[in-house]
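>>> With the sequence up front, the predicted model follows.
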Amino acid sequence: IMEAPTKGWKGSQKAPSPNFYDLQNPQNQHGKYYGTPSYSTDCQGSYEEEDIPLLDDLGIDLNLVVDKLKYIAIRSRPKAIFLDPDLTGPLLLILLLGFCLLLKGKVEFSYMYGAIILGSCGIYFLGNCFASVKTIQLYLTTSILGYCLLPLVLLAFISIFFELRGIVGILLCPIFIIWSTWAATDLFSGILELHD
């Protein structure tokens with residue numbers, strides 16, 4: 001059994017054990033460290049250190065997501081914004097697509113994730129096989145394909161209100177599929193420099 005140091009104490013007196021005051025102060029009178037350092041707060045309970053907003057701490061830039069969606073929708077931004085890949089927008093679009101299909105009465109989440117993973121891997125390998133100048137990363141491929149789901153999400157939203165098995169579906173489905181394919185092809189050909 002180890003005994004507390006008794007240097008400077010007389011005879012039968014023992015060294016004092018740490019009390020509440022000692023635990024609040026990182027170093028007590030003997031120079032030993034007890035507990036964790038405390039942070040001082042103001043009257044409202046906020047820390048003196050500057051708090052970082054949660055989205056910034058997670059690395060999520062909603063303005064960039066909106067700019068990428070605007071590019072897919074109306075081609076209003078330069079393609080260079082897609083060189084900064086993120087999966088925030090694609091995950092939101094996948095969730096919206098699943099929600100729209102859920103409102104239609106179809107639970108297809110596992111099929112969607114499987115198709116996205118297999119499609120991203122397939123386009124990644126094809127893109128790198130055809131590209132002679134540049135290569136593309138799998139993360140960037142998944143980001144681009146995810147953003148190009150925007151027309152299909154809009155089509156799924158329209159399908160909530162209109163039945164797409166009639167003349168409306170025959171007219172709308174090819175338009176939205178071509179729109180999605182054209183956006184993805186345009187982005188991949190620009191990034192991989194596949195122009196003749």
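Cool, got the structure. Numbers count the residues shown, from 1 in each chain.
>>> name the helices or strands packed onto the host helix or strand of residue 114?
Using DSSP states H and E, residue 114 sits within helix 109-130. In terms of contacts (3 or more Cβ pairs under 8 Å, 6 or more residues apart in numbering; DSSP states H and E), helix 109-130 is packed against helix 88-103, helix 138-147, helix 167-192. All C-beta atoms are positioned from the backbone trio N, CA, C, and that covers glycine.
>>> now, of the ones you listed, which is deepest in the fold?
helix 138-147 (a mean of 21; mean count of other Cβ atoms under 10 Å).
>>> how far off helix 167-192 does that helix point, in degrees?
150 degrees (axes from the mean of the first three to the mean of the last three Cα atoms, to 10 degrees).
>>> any idea which helix or strand comes after helix 138-147?
helix 150-161.
>>> can you pull the buried residues of that next one?
150, 151, 152, 153, 154, 155, 156, 158, 159 (16 or more other Cβ atoms under 10 Å).
>>> May I see the helices and strands packed on helix 109-130 organised as a markdown table, with distance to residue 114 and mean pLDDT added?
Shown next, in a markdown table, are these (distance: least, Cβ to Cβ, whole Å; pLDDT from 0 to 100):
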| stretch | distance to residue 114 | mean pLDDT |
| --- | --- | --- |
| helix 88-103 | 12 | 92 |
| helix 138-147 | 13 | 93 |
| helix 167-192 | 18 | 91 |
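>>> Columns distance to residue 113 on top of these, output as a markdown table?
A markdown table is the format used below for the helices and strands packed on helix 109-130 (distance: least, Cβ to Cβ, whole Å):
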| stretch | distance to residue 113 |
| --- | --- |
| helix 88-103 | 8 |
| helix 138-147 | 11 |
| helix 167-192 | 18 |
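>>> just so I know, which of those helices lies nearest residue 60?
The closest of the helices and strands packed on helix 109-130 to residue 60 is helix 88-103. By Cβ to Cβ, the value is 5.1 Å.
>>> Show me what the closest one is in contact with.
Contacts to helix 88-103, defined as Cβ atoms under 8 Å, 6 or more residues apart in numbering, come from residues 60-62, 65, 68-69, 107-109, 112-113, 116, 142-143, 145-147, 149-150, 152-153, 156-157, 159-160.
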